[in-house]
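Novice: Got a predicted structure plus its sequence, pasted below:
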Amino acid sequence: MMASVHAAENSQDKVIEIHDAELAVVLGAKASPAEKRVAALLAERIKNRTGIALAEPGGKAALRLVIGTVASNDKIKAFSATRKDIASLGTDGYCISADARKGELYVVGQSDSGVVAGVGRLMREMRYKPGTLELPAMQITEAPQMPNRGMYLWARKHYFNHPDRVDRYIEELALWGCNAVCLWFEMGLFKSFDDTEMQAEKTGFHDSHRNRLSPQQWLALYRRFYKTARRMGMKTGLGMCANDAYRTSPEALRIRPIIGCPNWYMCPSKPGAVEQMVAWQEEVFKALAPIDIYNIFPADAGGCSCKDCTPWPTRGLWKVAKPLGERIRKISPKTEIWLDTWHLNHPTFGGKDWKNLVANLAKDAPAWMTGFEVGLAPHHKYAKMSAEDRKYYNQAKQPLTVFTEISMFRNHPGMLVKKDYWKSLQDELNDYDPKLMRGGWLYAERWNTDIAMTLFNSWYWNPRKPVEAVLDDYAAFYFGPEAKTGRALLDLLDDGCRDPQRKQKIRQTFEKLESAVPDWVKKDWRWDEIKLNCSRFRVTE
Ligand SMILES: [Zn+2]
């Protein structure tokens, strides 16, 4: 059967219409695991949403989508030779060239991550109808402005009970241009590294989200998620609290209690404690290697209030952070090591002593230190940064990355929509010197931070992209032909919505959406989150 591909005129845009078995995906002879996986995800998404199967790559398909990098695919190499913009594509950038008249479409990536982000963008540009896939003719070249585009998943609250779903989510993050996943190994959940039991007793530290795994099972799960991330061309990140310890830590080496820190943490001023903490961290690091990005957290949890550790930033913290950074650098020279300053505005951590730490390190930055990780948390009393604080970091001239709070502030069931908060985060992000800003981690506790994820992964590429434009992208991708209604519902669900008829309108809009969206919208877990959010207004059953 001969396939026909139409380049139909649609007002101003040329739209390429694709039907069953008309489009083949062509990978190169040296296709990477990321390229193979993203090609499979593309085929799966097209099939699920339109019913269309792709054509065999070796056959005579009317249209061929060539995917890869100059190194992996000779067709890409030949195509790129004709394009100056591809030769100068920034790190992790991509180029999409869709012109039906030539019979070939291209997604060219500068790296694996670029290929994946490019295919993700292509998926978002496509329009899915039963039996028909529409793709606007287009030429897009884009590269991210920030190299570290990460998501931090706080594991034990809502994610770890659904490892298969987390795997799929990590893949979806990559499609949005995210290139790193960070996890925190909490030593204090266990009696020791080799403990074979799960945590049985209460510890008073996030007891509502008890651990159900032994440390080795826990590490195995981390390795699994990292493997999923690497297969998508992503980096791995590990967050560790500087003076963390197992719950059987020697009593004599423990901290003098301080806010937000379990008592089994160790005091860096006591003889032998630092050596022990560094050895434990090394053990975890090696068990999870390779780790691309290592984050040393000072607090929450962490700290010690003894007189030798006070003030914590320049004294206790630095006593352990310095040898820890040196050790990690020695065992893994390519790992980026960031020093976080989360929560240090609290009076118990010396108030503004973190400024002395930043000043000292700006003057004489240790070779192992990549830069500072600063809180982006305008509603967190002790992690928030004032305009003056941001200026201070800018003047320190060290590379910066942000740790962004999107889960704790005004958490509620169901997909979070809070445009004003997001806009304030964006303003703050853009208040840092763009020459220093390298990206960051989004602190996510649960699935409902998905929209904020798309915002930040859009901003790491283009930090000026308006919130409204990202919401439009989101609605188009996840509500399909009902994007407009879905978008209206998101606006009504927004925590800032003051419409007096809000409840009634939410009911009507949800009902309209529910009756009109294609089935694939309702099969996505996001639909359940939307429903959960609507249920807060008692409009769903
Ligand atoms: Zn101490």
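Specialist: Thanks, I have it.
Novice: Just the CA trace of the helix or strand that contains residue 532, in CSV.
Specialist: In the assignment (DSSP states H and E), residue 532 maps to helix 525-535. C-alpha atoms of helix 525-535 as CSV (Å, rounded to 0.1, in the frame of the first residue of the first chain):
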residue,chain,number,x,y,z
TRP,A,525,-2.0,9.7,36.2
ARG,A,526,-2.2,13.5,35.8
TRP,A,527,-5.9,13.1,35.3
ASP,A,528,-6.3,11.6,38.8
GLU,A,529,-4.3,14.5,40.3
ILE,A,530,-6.6,17.0,38.5
LYS,A,531,-9.6,15.1,39.8
LEU,A,532,-8.2,15.0,43.3
ASN,A,533,-7.7,18.8,43.1
CYS,A,534,-11.3,19.3,41.9
SER,A,535,-12.5,17.1,44.7
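Novice: Tell me which other helices or strands that helix touches.
Specialist: helix 483-493, helix 502-516 (3 or more Cβ pairs under 8 Å, 6 or more residues apart in numbering; DSSP states H and E). The C-beta positions use only the backbone N, C-alpha and C, and glycine is treated the same way.
Novice: wait, what's in contact with whichever residue of the stretch 1-150 of the chain sits closest to the ion?
Specialist: Of all residues in the stretch 1-150 of the chain, residue 150 sits closest to the ion, at 31.2 Å by Cβ to the ion. Counting by Cβ atoms under 8 Å, 6 or more residues apart in numbering, residue 150 makes contact with 178, 179, 180, 181, 182, 235, 237, 293, 439, 440, 441, 442.
Novice: if you look at those, which of them are in strands?
Specialist: Among the contacts of residue 150, the members falling in strands (DSSP state E) are 180, 181, 182, 235, 237, 293, 439, 440, 441, 442.
Novice: Kindly report the residues of the protein close to the ion.
Specialist: 267, 269, 304, 306, 309 (Cβ under 5 Å from the ion).
Novice: farthest pair in the residues you listed?
Specialist: Greatest spatial distance in the residues of the chain next to the ion: 269 and 304, 7.2 Å, computed using Cβ to Cβ.
Novice: Which neighbours do the two have in common?
Specialist: Both residue 269 and residue 304 are contacted by residue 316, under the criterion Cβ under 8 Å, 6+ apart.
Novice: More neighbours: those two, which one.
Specialist: Ranked by neighbour count (other Cβ atoms under 10 Å), residue 269 and residue 304 place residue 304 first, with 29 against 20.
Novice: With adjacent residues omitted, what lies nearest to the more buried one?
Specialist: residue 255 (3.9 Å; Cβ to Cβ, 6 or more residues apart in numbering).
Novice: How about residue 280?
Specialist: Per Cβ to Cβ, 6+ apart, closest to residue 280 is residue 187, 6.3 Å.
Novice: cool, and residue 468?
Specialist: Nearest non-adjacent residue to residue 468, counting by Cβ to Cβ, 6+ apart: residue 419, 7.9 Å away.
Novice: residues in contact with that neighbour?
Specialist: Counting by Cβ under 8 Å, 6+ apart, residue 419 makes contact with 467, 468, 471, 494, 496.
Novice: And the pLDDT for the second one?
Specialist: Per-residue confidence at residue 468 stands at 98 (pLDDT).
Novice: This completes my enquiry, with thanks.
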